[in-house]
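Engineer: next comes the sequence, and after it the predicted model I'd like to discuss.
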Amino acid sequence: MNAPSPHDASPHAAPGRADVQVLISRRIKPGRHVEFGNAVRDWIAEAVQFPGYAGVLMIRPSEHSDEYGAVLRFASESDWQRFLAW
């Protein structure tokens, strides 16, 4: 597991509060890991400003895998639904 990112929490979320957690996994094509990592960093920089966003934990693949994971946290179900529509 990775250490928390400096973009781990939004200024819009209540400290320590994340009532909704969403798990997402993605398989990355060979040779596209750097591109994927850059896209994720750009996405986090945008997402951290979203009201109700409470952070993300990125899970990198093991040495023999191409599957990344992310646990997204939101203050409420309605915040998550608005985020999906974004």
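Structural biologist: Right, received. Where do you want to start?

Engineer: could you list the low-pLDDT ranges of this protein?
Structural biologist: 1-18 (pLDDT under 70).

Engineer: residue farthest from the centroid of it?
Structural biologist: residue 64 (22.3 Å; Cα atoms, centre = their mean).

Engineer: so that one is in which element?
Structural biologist: Residue 64 belongs to no helix or strand when elements are defined using DSSP states H and E.

Engineer: just give the closest residue to the residue minimising distance to the centre of the chain, not the sequence neighbours.
Structural biologist: Closest to where the C-alpha atoms of the chain average out (Cα atoms, centre = their mean) is residue 56, at 3.7 Å. Spatial nearest neighbour of residue 56, excluding adjacent residues (Cβ to Cβ, 6 or more residues apart in numbering): residue 72 at 5.2 Å. C-beta: built from backbone N, CA, C; applies to glycine.

Engineer: ok, the one you found - contacts?
Structural biologist: 21-22, 24, 53, 55-56, 80, 83 (Cβ atoms under 8 Å, 6 or more residues apart in numbering).

Engineer: now the helices for this protein?
Structural biologist: Counting by DSSP state H, one finds helices in the chain at the ranges 33-47, 77-85.

Engineer: which parts of stretch 26-36 are buried?
Structural biologist: For stretch 26-36, the neighbour count (16 or more other Cβ atoms under 10 Å) marks residue 28 as buried.

Engineer: who's in contact with it?
Structural biologist: By Cβ under 8 Å, 6+ apart, stretch 26-36 touches 61, 66-69.

Engineer: narrow the residues you listed to those in strands?
Structural biologist: 67-69 (DSSP state E).

Engineer: drop anything exposed from these.
Structural biologist: Buried among the ones in strands among the contacts of stretch 26-36 by 16+ other Cβ under 10 Å: residue 68.

Engineer: nearest to residue 39, of the ones in strands among the contacts of stretch 26-36?
Structural biologist: Nearest to residue 39, judged by Cβ to Cβ, of the ones in strands among the contacts of stretch 26-36 is residue 68 at 11.0 Å.
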